[in-house]
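Undergrad: This is the structure alone, sequence omitted:
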Ligand code: ADP
């Protein structure tokens, strides 16, 4: 008998290829959309970043310019011709110009010639000491070319100093002028005046090198939208921070947008993938169902053809009286009867199956003794068993209660189980046992053989319609794959269950449970 090959669902089928291509395309599209969204967000962030940076650099430049221009103006005023006049002039300048804290004039041996300051006498003395001992060596005057203007920005004893100094030449020799800038004034006035307008739409902070805030509030955001740079020439120990006023919400918005894009694109791709997987599974299922159906049709036609050709052949032999003696003639007639029985059983099976498939199966339940059915089916199958050299035996517990069942359905169920045992299970000389016993509120009807048994992984699937065991597929074993699905339907129609058990290699046991309370 030829059995149609069961399809494996084709991993390399055109459908699988198409689904793979669609999934890959979805992934590619998803990546592309996410990438473009990120790039778009990046480019808008970049433009905010670059305009913020330009603004920051301009601001730094402006402050430096204010300081340097102020220093130059003061330097231009220094005239040493008349020491008395110098002192007087500078006392006035220092008094009216809050940006200058002190002015020191040094001769070419770096000796202090003049020192004018707005500090009180006590602080003035300590400034002079600090200037001579600590600030002066740091100014490196020996490396200063004539008319060069330099800055020294440094912390001494916890206080920042900004020294602006220049080397001048005169007939009497070189001299040096050093202005000590009034730093609190720079912070309070210069910064405030320069930042005022910008602060309406921006956040500004100035910090020293260890992060102490000197002006404004530190912008503690690790965002590229925050500009941070040192003052290059004058206050070079300090850094300026500048960010758009809405930097926090901009940064949060960018983060949220990125996350939303990722979630949207990810879920879009996920939905497509899921859809494709569902389609793939459904297509595989459909393909398998179709394959099983066509297997079934070819198996049924074969099942019909075999007994019919036997009936025809032995009928013709009898008609032509081509047999040696009456015994042989009887044997031929018995073959015809047996094959007709097989045909009837097959047609019954197919018709019942068709009824079940149409959802039209209903059972004619009547209270009765199930053991009678067991005994009768045993008798019916006796001839078939004898031919196979197998003994059929019943083991029926005594005193079993009556249950409600449909007699012809139960007969069909048992016939199918016994037929399977004879077909797949018992070999010549072995026996098939039909058991009936009570187990709690159930009657257990069982058919056991000592054949190869059923692999555990197939114990559920063999009850699916058209399913045939892997070990018999491809072998010329008669069958249609609907017997056990009928058994299952009948058992469940009686409010019961059926399960396949036994030990692989030692035999199969099919056990049908019928509830007693339905009686
Ligand atoms: P069919 O017998 O026409 O193949 P069934 O639905 O009756 O269809 O059985 C389904 C499968 O279950 C069989 O193909 C066979 O592989 C397995 N099977 C059924 N009964 C037995 C048994 N007694 N021993 C081993 N395998 C069995």
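TA: Yep, that arrived. Remember, it's a predicted structure, so these values are computed and weren't measured experimentally.
Undergrad: the strands in the stretch 351-500 of the chain, which residues?
TA: 366-368, 391-396, 403-405, 431-439, 442-448, 497-503 (DSSP state E, counting those that start in this stretch).
Undergrad: Let me have those strands in a markdown table, adding distance to the ligand, mean neighbour count and mean pLDDT as columns.
TA: Backbone N, C-alpha and C define where each C-beta goes, glycine included. Shown next, in a markdown table, are the strands of the stretch 351-500 of the chain (distance: least, CB to the nearest ligand atom, whole Å; neighbours: other CB atoms under 10 Å; pLDDT from 0 to 100):
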| stretch | distance to the ligand | mean neighbour count | mean pLDDT |
| --- | --- | --- | --- |
| strand 366-368 | 25 | 13 | 93 |
| strand 391-396 | 13 | 15 | 95 |
| strand 403-405 | 20 | 23 | 94 |
| strand 431-439 | 9 | 17 | 96 |
| strand 442-448 | 8 | 22 | 97 |
| strand 497-503 | 7 | 16 | 96 |
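Undergrad: Taking the stretch 51-200 of the chain, what residue is nearest to the ligand?
TA: Closest residue of the stretch 51-200 of the chain to the ligand, CB to the nearest ligand atom: residue 52 (76.4 Å).
Undergrad: Run a quick neighbour tally on that residue.
TA: The local packing of residue 52 (other CB atoms under 10 Å) involves 19 other residues.
Undergrad: what does residue 362 give?
TA: 10.
Undergrad: Could you list which residues are in contact with it?
TA: Listed by CB atoms under 8 Å, 6 or more residues apart in numbering, residue 362 has no contact partners.
Undergrad: residues near the residue in the chain that the ligand sits nearest to, how many?
TA: Ranked by CB to the nearest ligand atom, the top residue of the chain for proximity to the ligand is residue 469, at 2.0 Å. Applying other CB under 10 Å, we find 19 other residues in the vicinity of residue 469.
Undergrad: hang on, isn't it packed against residue 462?
TA: Yes - taking contacts as CB atoms under 8 Å, residue 469 lies within contact range of residue 462: 6.1 Å.
Undergrad: which residues do the two both contact?
TA: residue 454.
Undergrad: could you dump the strands of the stretch 351-500 of the chain to CSV with distance to residue 250?
TA: Compiled in CSV, the strands of the stretch 351-500 of the chain are given as follows (distance: least, CB to CB, whole Å):
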stretch, distance to residue 250
strand 366-368, 82
strand 391-396, 85
strand 403-405, 77
strand 431-439, 74
strand 442-448, 73
strand 497-503, 66
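Undergrad: All the helices of the stretch 51-200 of the chain, residue numbers only.
TA: For the stretch 51-200 of the chain, the helices defined by DSSP state H, counting those that start in this stretch occupy 83-96, 121-130, 136-139, 183-185, 192-195.
Undergrad: Figure out which of those helices is closest to residue 331.
TA: Closest of the helices of the stretch 51-200 of the chain to residue 331 is helix 192-195, at 119.1 Å (criterion: CB to CB).
Undergrad: other SSEs contacting the helix or strand that the closest one is followed by?
TA: Counting by DSSP states H and E, the next helix or strand C-terminal to helix 192-195 is strand 202-207. Contact partners of strand 202-207 among helices and strands, from 3 or more CB pairs under 8 Å, 6 or more residues apart in numbering; DSSP states H and E: strand 213-216, strand 239-244.
Undergrad: Who does the first one pair with, and is each partner parallel or antiparallel?
TA: The pairing partners recorded for strand 213-216 under DSSP bridges are strand 202-207 (antiparallel).
Undergrad: Among the strands of the stretch 351-500 of the chain, single out whichever gets nearest to residue 149.
TA: Across those, closest to residue 149 is strand 497-503 (CB to CB), at 101.5 Å.
Undergrad: Is the very next helix or strand once past that closest one positioned near the ligand?
TA: Following strand 497-503 in sequence order, the next helix or strand is strand 507-515 (DSSP H and E). Yes - using CB under 6 Å from any ligand atom, strand 507-515 reaches the ligand at residue 508.
Undergrad: So which residues make contact with strand 507-515?
TA: 370, 403, 405, 413, 417, 420-421, 424-425, 439, 441-454, 487, 491, 494-502.
Undergrad: Repeat that for stretch 128-140.
TA: Outside stretch 128-140, the residues that reach it (CB under 8 Å, 6+ apart) are 104, 106, 110, 112, 115, 150, 152, 154, 156-157, 161, 163, 165, 178, 180.
Undergrad: Against residue 156, how distant is the nearest residue to residue 181 once chain neighbours are set aside?
TA: Residue nearest to residue 181 in three dimensions, not counting chain neighbours: residue 162, with 4.1 Å by CB to CB, 6 or more residues apart in numbering. Residue 162 is 11 Å from residue 156, where distance means CB to CB, to the nearest Å.
Undergrad: Neighbour count for those two, which is higher?
TA: residue 162 (23 against 14).
Undergrad: Can you report phi and psi for residue 471?
TA: Main-chain torsions, residue 471, degrees, to the nearest 10: phi -70, psi -20.
Undergrad: Could you shift the numbering so residue one becomes 15, and keep it that way?
TA: Understood, numbering begins at 15; the last thing we discussed is residue 485.
Undergrad: That one contacts residue 465, doesn't it?
TA: No - at 10.6 Å, residue 485 does not count as touching residue 465 under the criterion of CB under 8 Å.
Undergrad: And those two? Which one has more around it.
TA: Neighbour totals were compared for residue 485 and residue 465, and residue 465 leads with 21 against 13 (other CB under 10 Å).
Undergrad: So which bits of the stretch 365-514 of the chain are right by the ligand?
TA: Near the ligand, when you scan the stretch 365-514 of the chain using CB under 6 Å from any ligand atom, you find 430, 434-435, 438-439, 463, 465-466, 468, 476, 482-483, 486, 493-499.
Undergrad: check contacts around residue 436.
TA: By CB under 8 Å, 6+ apart, the neighbours of residue 436 are 395, 398, 399, 402, 404, 446.
Undergrad: Among these, which one has the most neighbours?
TA: Using other CB under 10 Å as the neighbour test, those are led by residue 446, with 25 neighbours.
Undergrad: what about the stretch 365-514 of the chain, any weak spots by pLDDT?
TA: Scanning the stretch 365-514 of the chain for pLDDT under 70 picks out 374-375, 487-490.
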